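A.B. asks: Sequence isn't available, so here's the structure alone:
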């Protein structure tokens, strides 16, 4: 355990340790969801950067730019996945 933390951080570490001992299945799922959330966060940031780049270089008729529309759809899908992961993570945490 890392004791150089805030009180809340220490509580979280102790809770994770107890849950890991009593319900390793829940702890494993929570860890998996956190890793997925981080991956989604990175992917969403990349998609947003790509989207902003495409918007900055888009022609006057944005609707004719098919790759831009596809990037918007991909960003929307990833955002939906992130929200689902957050909801599942909150349920697992409770």
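C.D. replies: Received, thanks. Bear in mind that the values here come from a model prediction, so they are computed numbers and not experimental data.
A.B. asks: Find the centremost residue of the protein, please.
C.D. replies: residue 37 (2.9 Å; Cα atoms, centre = their mean).
A.B. asks: That one contacts residue 86, doesn't it?
C.D. replies: Yes - between residue 37 and residue 86 there is a contact at 6.9 Å, judged by Cβ atoms under 8 Å. No exception for glycine: its C-beta is placed from N, CA and C like everyone else's.
A.B. asks: Just give the closest residue to residue 58, not the sequence neighbours.
C.D. replies: In space, and not counting its chain neighbours, residue 58 is closest to residue 65: 5.2 Å by Cβ to Cβ, 6 or more residues apart in numbering.
A.B. asks: Check which helices and strands the longest helix seen in the chain sits against.
C.D. replies: Counting residues, the longest helix in the chain under DSSP state H turns out to be helix 24-56. Using 3 or more Cβ pairs under 8 Å, 6 or more residues apart in numbering; DSSP states H and E, the elements in contact with helix 24-56 are helix 7-22, helix 66-93.
A.B. asks: what stretches of the chain score poorly on pLDDT?
C.D. replies: 1-4, 93 (pLDDT under 70).
A.B. asks: now do 50
C.D. replies: The chain contains no residues with pLDDT under 50.
A.B. asks: picking that back up, and for residue 37 and residue 86, which residues touch both?
C.D. replies: Here residue 37 and residue 86 share no contacting residue, scored by Cβ atoms under 8 Å, 6 or more residues apart in numbering.
A.B. asks: Now do the contacts for the residue lying farthest from the centre of the chain.
C.D. replies: Most distant from the centre of the chain: residue 60, at 33.2 Å, with distances by Cα atoms, centre = their mean. By Cβ under 8 Å, 6+ apart, the contact list for residue 60 is empty.
A.B. asks: That one: which element?
C.D. replies: Counting by DSSP states H and E, no helix or strand carries residue 60.
A.B. asks: quick one: it and residue 66, what's the gap?
C.D. replies: 15 Å (Cβ to Cβ, to the nearest Å).
A.B. asks: Then residue 28?
C.D. replies: 42 Å.
A.B. asks: Give me the more crowded residue out of these two.
C.D. replies: Ranked by neighbour count (other Cβ atoms under 10 Å), residue 28 and residue 66 place residue 28 first, with 11 against 8.
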